[in-house]
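# give me coordinates for this.
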Amino acid sequence: MKQLVILLLSITTLLNATFAQDTTYRSPYKTSWKDAAITVGGIGLTALGVKLINDKQPLTDAELKARETQDVFFLDRSSRGFYDKDMDDASYIPFQASFAMPVLMALINKNERKHIGQVLLMYTETMAITGALFTMATGNVYRSRPYVYNTSLDPEFRKDKNSQRAFYAGHTAATAAATFYMAKVFADFNPTSKAKPYVWGVAAAVPALVGYMRYKAGMHFLSDNLLGYAMGAAAGVLVPKFHKIKGMQNVTVLPYGNTNQKGLSLVYTIR
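Model (predicted):
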């Protein structure tokens with residue numbers, strides 16, 4: 001989560017650009033300094049959540065012993081005892097890469113680039129909310145990772161306080177928030193683009209890959225990843241949706257004419 005906090009703080013320095021936008025292309029969104037306040041609040045809650053996570057206590061010998069015979073939720077039994085350090089390390093590659101995807105899309109797409117300050121403000125807000133929800137949940141809920149149930153591993157490793165961070169999957173949540181935000185913003189700025197299905201496909205696939213890797217690594221159970229995916233995707237889609245301007249944003253006005261008549265054509269697009 002250190003990378004997420006650094007990302008949030010870095011992008012926050014660009015918030016002043018929000019109010020100096022190129023108006024040659026009208027943004028589908030409306031933002032204000034209230035968003036900066038929400039973002040700062042989210043970052044604050046994220047920092048508090050990180051502290052709660054760091055303050056967690058390791059398992060006692062008795063608690064570890066109890067884990068060896070403890071049953072788990074039926075949906076999670078398939079990964080009970082999983083552990084793969086190489087898969088754990090590899091999961092950071094798509095996880096960290098996902099943070100750059102909305103920024104790169106905003107730089108590449110001309111419609112987004114003209115309002116890049118606004119796009120980055122909402123992105124920071126999205127990640128701040130995602131970070132706050134995840135860290136506060138993880139900081140207050142003690143749930144053992146799948147590898148804790150693996151009796152072949154070093155008991156000290158299994159007892160470590162980091163082993164009590166299974167609920168819920170933060171890597172999956174943060175990745176989903178970033179990629180679904182990228183897709184939602186792209187779709188809103190480019191409602192007629194034929195690339196939308198491909199952008200949404202990438203948005204769905206990357207966090208699914210991260211979730212699978214965290215599952216195989218023994219860091220999270222299936223239910224932890226499913227919840228993380230849902231929470232992140234919801235933040236990525238809902239933050240832009242709540243900022244979207246209603247009304248004429250769905251209406252396209254075009255000149256119309258033939259040899260007998262002239263006028264305007266109004267087309268309403270369902271988004």
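# now do the strands in the chain.
All strands of the chain, identified by DSSP state E, fall at 251-257, 262-268.
# number of residues surrounding the closest residue to residue 125 other than its chain neighbours?
Distances taken as C-beta to C-beta, 6 or more residues apart in numbering place residue 39 nearest to residue 125, at 4.6 Å, with adjacent residues excluded. From N, CA and C alone the C-beta is placed, and that goes for glycine too. Using other C-beta atoms under 10 Å, residue 39 is surrounded by 23 other residues.
# ok, the one 10 residues further on next?
Residue 49 has 22 neighbours, counted by other C-beta under 10 Å.
# gap between it and residue 140?
Distance, residue 49 to residue 140, using C-beta to C-beta, to the nearest Å: 8 Å.
# over to residue 235?
To residue 140, residue 235 is 19 Å away according to C-beta to C-beta.
# more crowded one of those two?
residue 235 (27 against 12).
# check what pLDDT that one gets.
Per-residue confidence at residue 235 stands at 97 (pLDDT).
# again, but for the one 10 residues further on
Residue-level confidence at residue 245 comes out at 89, pLDDT.
# what's near enough to touch it?
By C-beta atoms under 8 Å, 6 or more residues apart in numbering, the contact list for residue 245 reads 27-30.
# now flag whichever of these is closest to residue 216.
residue 29 (37.9 Å; C-beta to C-beta).
# my guess is the closest one contacts residue 241. True?
No. Under the criterion of C-beta atoms under 8 Å, residue 29 is not in contact with residue 241, lying 9.7 Å apart.
# of the two, which one has the most company?
Shown here are residue 29 and residue 241; by other C-beta under 10 Å, residue 29 has more neighbours (22 against 12).
# please name the nearest non-neighbouring residue to the more buried one.
Nearest non-adjacent residue to residue 29, counting by C-beta to C-beta, 6+ apart: residue 243, 4.3 Å away.
# with adjacent residues omitted, what lies nearest to residue 171?
residue 95 (4.8 Å).
# tell me the pLDDT at that neighbour?
The model's pLDDT for residue 95 equals 97.
# pLDDT below threshold where in the protein?
1-25, 247-271 (pLDDT under 70).
# what's the PyMOL line that selects buried ones from the contacts of residue 245?
Buried subset of those, written as a PyMOL selection, criterion 16 or more other C-beta atoms under 10 Å:
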select buried, resi 27+28+29
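# specify which member of the contacts of residue 245 is nearest to residue 82.
The closest of the contacts of residue 245 to residue 82 turns out to be residue 29 (C-beta to C-beta; 41.6 Å).
# can you pull the contacts of the spatially most central residue of the chain?
Nearest to the geometric centre of the chain sits residue 177, at 1.7 Å (C-alpha atoms, centre = their mean). For residue 177, the contact set (C-beta under 8 Å, 6+ apart) comprises 126-127, 130, 231-233, 235-236.
# can you pull out the helices in the stretch 101-250 of the chain?
110-113, 116-140, 155-159, 170-189, 196-217, 222-243 (DSSP state H, counting those that start in this stretch).
# tell me the buried residues in the longest one?
By neighbour count, with 16+ other C-beta under 10 Å as the criterion, the buried positions of helix 116-140 are 116-139.
# residues in contact with the nearest residue to residue 142 once chain neighbours are set aside?
Spatial nearest neighbour of residue 142, chain neighbours left out: residue 164 (4.8 Å); criterion: C-beta to C-beta, 6+ apart. Shown in contact with residue 164 (C-beta under 8 Å, 6+ apart): 56, 58-59, 142-145.
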